[in-house]
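1. could you work out the structure for the sequence below:
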Amino acid sequence: HPVFDRQERIVGVSSVVQDVTERTRAAESLRAAHKRWQTVIETMNEGFYIRDPGEIFTFVNRTLCQLLGYRQHELIGAHTHQIVHESDLHIAEEITRRRQETVSYSIEINLKHKHGHAVPVILAAAPIPDESGQVRERFAIVTDISEQKKHEQDLSRAHDELEQRVLERTAELEQANARL
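-> Take a look at the predicted model:
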């Protein structure tokens, strides 16, 4: 700002200097923390979502989209029940009834792929309280257990086949013993 004398001639300049170093550092630190969070969420091997009190997706990561065959824009704004397989809708409805609870939980549930088939997962959800402690949102980590389920089925099938062989061999031995 110019400084004038009595004849209104400029005789100097006045300025105010404020050190904003701390504010700049804090803003940069916040940006870096956000970038780290975003990188972790987008590159993790598990699906991740945030949903609002109305059970509407407000954020989904790429892994969840790939797991279920959707694009991010198809899930953002959609109801969470859209991705629950019909076989497990009763589980999702029970969770919805208890949504005001502030507890974390982990469940095994079948989600629904965009093409309709079941995708077995473990869904671990927790509340995100606001500044006043009220739960406004929840997040969930979704772990695909399709391979584990396939191995369990293979093991069960092998067990059943072995049991059948034992029964057949036992019958053969009993017949052989009876002939002696």
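
2. for the helix or strand hosting Gln153, packing partners?
-> Taking DSSP states H and E as the criterion, Gln153 maps to helix 146-179. Counting by 3 or more C-beta pairs under 8 Å, 6 or more residues apart in numbering; DSSP states H and E, the packing neighbours recorded for helix 146-179 are strand 118-129. Every residue, glycine included, has its C-beta placed from N, CA and C.

3. quick one on the thing from earlier: the helix holding Gln153 versus strand 118-129: what angle between them?
-> 130 degrees (axes from the mean of the first three to the mean of the last three C-alpha atoms, to 10 degrees).

4. ok, now which ones touch the residue nearest the centre of the chain?
-> The centre of the chain sits closest to Phe48, judged by C-alpha atoms, centre = their mean, with a distance of 2.1 Å. Taking C-beta atoms under 8 Å, 6 or more residues apart in numbering as the criterion, Phe48 is in contact with Ile41, Phe59, Val60, Asn61, Thr63, Leu64, Phe139, Ala140, Ile141, Val142.

5. and if we set it to 7 Å?
-> With contact taken as C-beta atoms under 7 Å, 6 or more residues apart in numbering, Phe48 is in contact with Ile41, Asn61, Leu64, Phe139, Ile141.

6. what is the burial count for the residue nearest to it when sequence neighbours are not counted?
-> Spatial nearest neighbour of Phe48, excluding adjacent residues (C-beta to C-beta, 6 or more residues apart in numbering): Asn61 at 4.3 Å. Asn61: 22 surrounding residues under other C-beta atoms under 10 Å.

7. all further residue positions should be reported with the first residue as 42.
-> Understood, numbering begins at 42; the last thing we discussed is Asn102.

8. distance of Asn102 from Glu96?
-> 18 Å (C-beta to C-beta, to the nearest Å).

9. so how far is Arg206 from Val183?
-> For Val183, the distance to Arg206 (C-beta to C-beta) stands at 39 Å.

10. scratch that, Ala159 is what I was asking about
-> As judged by C-beta to C-beta, Ala159 and Arg206 stand 31 Å apart.

11. neighbour count winner among the two?
-> Ala159 (17 against 10).

12. what bridges to the more buried one?
-> Lys153 (DSSP bridges).

13. same check, this time on the one 10 residues further on
-> Per DSSP bridges, residues listed as beta-bridge partners of Ile169: Glu178.

14. isn't it up against Arg179?
-> Yes. Between Ile169 and Arg179 there is a contact under C-beta atoms under 7 Å: 6.3 Å.

15. between these two, who's got more neighbours?
-> Set Ile169 next to Arg179 and count neighbours by other C-beta under 10 Å: Arg179 wins out with 21 against 11.

16. spatially nearest residue to Ser56 (excluding sequence neighbours)?
-> That would be His42: by C-beta to C-beta, 6+ apart, it lies 6.8 Å from Ser56.
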